[in-house]
Each structure stands twice: as C-alpha cells, then as structure tokens.
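>>> Predicted structure and sequence below. I'll ask about it afterward.
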Amino acid sequence: MKPSTSASPLFSDYFNDWVATYKEGAIRLVTMKKYRSTQHWIKTLAPSLHIGEITRVAYQKLLNDYAQTHERQTTLDFHHQLKGAILDAVDDGLLASDPSRKAIIKGKTPKGKKNKYLNQFELQALLNSLNLSPTLNWDWFILLVAKTGMRFSEALAVTPADFDFAHQTLQVNKTWNYKEKGGFSPTKNRSSVRKIQIDWQTVIQFSQLVKNLPPEQPVFHHPNPIYNSTINGILARLCHKANVSAITIHGLRHTHASLLLFAGVSIASVARRLGHSSMTTTQHTYIHIIQELENQDTDIVMRHLAGLC
C-alpha cells in the first residue's frame, strides 16, 4: 500500500526530529551545527514539502535549488545528510522507495582557490623563517603541525604527557574545543586516536621545551581564546617573509600529506598518520597527487618493459 502523502509530516519537521533522535548527543558540536544548517535550508527551500511527497524529481529539485548558491562539494555534503533521514523514512514506511537514489550533484563554479599546500623547497623556506625561541611560541606550533600533519584542534590539545620521547611518538587522543569555551573534547572520529611517529630532531627540541611544563596541560596553553584565523594570520606573514605562497594552518596538514605521498609513502600509511576514517577520504582529498604519481609509475613501467627486449 502506498504511503499517504497528506498525512505525512513536513520534511523539515521530520528532519528536525530525526536529528534530535539520532544525532543529538552522539556527534560533535561542530557536526551538529552542520545538521542544523541543513534543517534551515530544507525549511527555506521547501517549507511546504511533506515527507510523503518526496519523489526523485522533488528531491532533485531541492538539491538543484541548494546548488545554485553552493559549490558541488558542499551540495554533496547536504545530500549525504538528507539521505540519512530519507533512508530512515523509507524504513519507517513514510516513503515507498528511496527518492535520493541516483541523485545528480551540481554546484556553482568554485572561486579561484589559493594554493592548498607547499612543495618541499617552499616548506623548507617557511621553516627557515620561523622564530624558534628557547620557549614555546606559535612558530613552534606551526613547526609541530608541519612535522606531524595534525589538525589544528589536535595540535592545540597536545600536552607534555602525550609525548613518548623514548619511542619517538606523539599520542593524539583529544582535541581542544577552541570554537566554544575551550577545554578538551573527543577526537573527530575513532580513527583520529593514533600515535604519530616523530623524527629525532623534533624529539630533541620538544623534550627540552616541555620538560618543566605541567604534564596534563596543553603545551600551547593561552589565557585568551585562540582561533585558527589568528594562527592563519601569523602563518600568512611568515609565508610572505619566506617569499612563498600563503597557506592556512590546514594547508600545512595538506603539505605534510602531499610530501609524504610524493616521497613514496603508501596511501594507507598516510591515512593512518592523518587520522582519516578510511583510505577513501585520503584518496579523495589527494586525488590530484595520486594521479600525478600514477603517471610517473606509468613512465617507470614503460621504461622497464622497453628494457626487456
């Protein structure tokens, strides 16, 4: 029997209840804000759309309307959040089939984007411009992110106790809630809990820098709130000083991963080091580098085969 469309709730109301039931208290605050944004857009773009009225055409129209003001990747994220609620609506008997199946993801043309990462020579120039004083400062923070590829919130949460200098590792098991009132928060996902191998030079430097600090207090503790925009400003000035393209602190994470891939480190190892939930995330993020490496591999294969004659 086909579900009744008129008796079904509004899609915006259903999505709101679905988020409250299945997501609230189970996901990080920053992710919850994205779900709330999605709910806002449903109400804005389709205020009178009932859940039982969502056909493939109606769903595609909702996506198309959203895509007019958002880039393709943002539209894809919007689609993924909607799809979770829609699949449950199918299970609940409110929809006979999944209208999000085979949806076409569109989006407005991306703006001209700045460099996401530096090459090895540019990174070296940047690191040479750092003011690595005898006590910890934000230049040391930038060095640590460049050497480990940690997320901004992960690096803010590093404590002396997280370093295992004997085994040359740095434990990542928490983040710093810089977007709210500070304090420790869980990592982005379970895969983000990891040990990052660090080089001997970083071991020597940080073993001296943190030896007299409280073991459970963030080594980059600051009495005032600190935001990524602040560090990005410091980093931009350092990039200008080093005469390299300005990148963000997240761009340093991209730089770290990119240089490892170019050095021949496997995608699986890079994914683990970055704390990605799956290799698919790594492959998607660094597809341009992977394709370039595959082209290099093809050249190597051809030269090898030519030499067999």
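It's in.
>>> Strands along the protein, start to end?
163-164, 169-172, 175-176, 184-185, 194-197 (DSSP state E).
>>> What's the local residue count around residue 238?
By the criterion of other C-beta atoms under 10 Å, residue 238 has 20 neighbours. C-beta coordinates here come from the backbone N, C-alpha and C atoms, glycine included.
>>> show me the contacts for the residue lying closest to it once chain neighbours are set aside.
Excluding the flanking residues, the one nearest residue 238 by C-beta to C-beta, 6 or more residues apart in numbering is residue 129, at 5.4 Å. Contacts for residue 129 (C-beta atoms under 8 Å, 6 or more residues apart in numbering) come out as 238, 241, 242.
>>> Repeat that for residue 236.
Residues counted as contacts of residue 236 (C-beta under 8 Å, 6+ apart) are residue 246.
>>> before we move on, back to that, got TSV for the strands of the chain, with distance to residue 13 and mean pLDDT too?
Output for the strands of the chain, formatted as TSV (distance: least, C-beta to C-beta, whole Å; pLDDT from 0 to 100):
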stretch	distance to residue 13	mean pLDDT
strand 163-164	50	97
strand 169-172	39	97
strand 175-176	33	92
strand 184-185	30	90
strand 194-197	40	96
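>>> which one of those strands lies closest to residue 107?
Within the strands of the chain, the stretch nearest residue 107 is strand 175-176; the backing value is 29.3 Å (C-beta to C-beta).
>>> coming back round to it: of the strands of the chain, flag the one that's most buried.
strand 175-176 (a mean of 22; mean count of other C-beta atoms under 10 Å).
>>> coming back round to it: adding distance to residue 119, write the strands of the chain out as CSV.
Compiled in CSV, these are given as follows (distance: least, C-beta to C-beta, whole Å):
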stretch, distance to residue 119
strand 163-164, 29
strand 169-172, 25
strand 175-176, 29
strand 184-185, 34
strand 194-197, 22
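>>> looking at the ones you listed, which is closest to residue 148?
strand 194-197 (5.0 Å).
>>> export that closest one as PDB, just CAs?
This file holds the C-alpha atoms of strand 194-197, laid out as PDB (Å, rounded to 0.1, in the frame of the first residue of the first chain):
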ATOM      1  CA  ARG A 194      46.500   7.500  17.000                       C
ATOM      2  CA  LYS A 195      50.200   7.600  17.600                       C
ATOM      3  CA  ILE A 196      52.300   9.700  15.200                       C
ATOM      4  CA  GLN A 197      55.900   8.900  14.700                       C
END
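>>> Which strands or helices does that strand pack on?
Judged by 3 or more C-beta pairs under 8 Å, 6 or more residues apart in numbering; DSSP states H and E, the packing partners of strand 194-197 are strand 169-172, helix 267-274.
>>> With distance to residue 50 as extra columns, can I get these in TSV?
Listed next are the helices and strands packed on strand 194-197 as TSV, based on distance: least, C-beta to C-beta, whole Å:
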stretch	distance to residue 50
strand 169-172	45
helix 267-274	42
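>>> quick one, what contacts the closest residue to residue 89 other than its chain neighbours?
Nearest non-adjacent residue to residue 89, counting by C-beta to C-beta, 6+ apart: residue 95, 4.8 Å away. Contact analysis of residue 95 by C-beta under 8 Å, 6+ apart lists 3, 51, 52, 54, 86, 89.
>>> In helices only, show me those residues.
86, 89 (DSSP state H).
>>> Residue 85: how many residues sit nearby?
23.
>>> Also residue 302?
10.
>>> Would you map the helices across this protein?
For the chain, the helices defined by DSSP H occupy 11-22, 29-45, 56-67, 72-91, 120-128, 138-148, 152-156, 200-209, 228-242, 249-262, 267-274, 279-285, 287-306.
>>> Residue 100 is nearest to which of the ones you listed?
Across these, closest to residue 100 is helix 72-91 (C-beta to C-beta), at 4.6 Å.
>>> low-confidence ranges in the protein?
1-6, 112-115, 294, 296-297, 300-301, 303-305, 309 (pLDDT under 70).
>>> Outline the domain layout of it.
As recorded under automatic domain parsing, the domains making up the chain are 11-91, 120-294.
>>> Tell me who's in contact with residue 18.
Residue 18 is in contact with 84, 85, 88, counting by C-beta under 8 Å, 6+ apart.
>>> Please tabulate the residues you listed in TSV, including the columns distance to residue 222.
TSV is the format used below for the contacts of residue 18 (distance: C-beta to C-beta, whole Å):
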residue	distance to residue 222
84	37
85	39
88	42
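>>> Out of those, the closest to residue 177 would be?
Closest approach to residue 177 among these (C-beta to C-beta): residue 84, at 25.0 Å.
>>> For that closest one, give its distance to residue 247.
Noted for residue 84: a distance of 33 Å to residue 247, by C-beta to C-beta, to the nearest Å.
>>> So which of the two has more stuff around it?
Higher neighbour count among residue 84 and residue 247: residue 247, with 23 against 17, using other C-beta under 10 Å.
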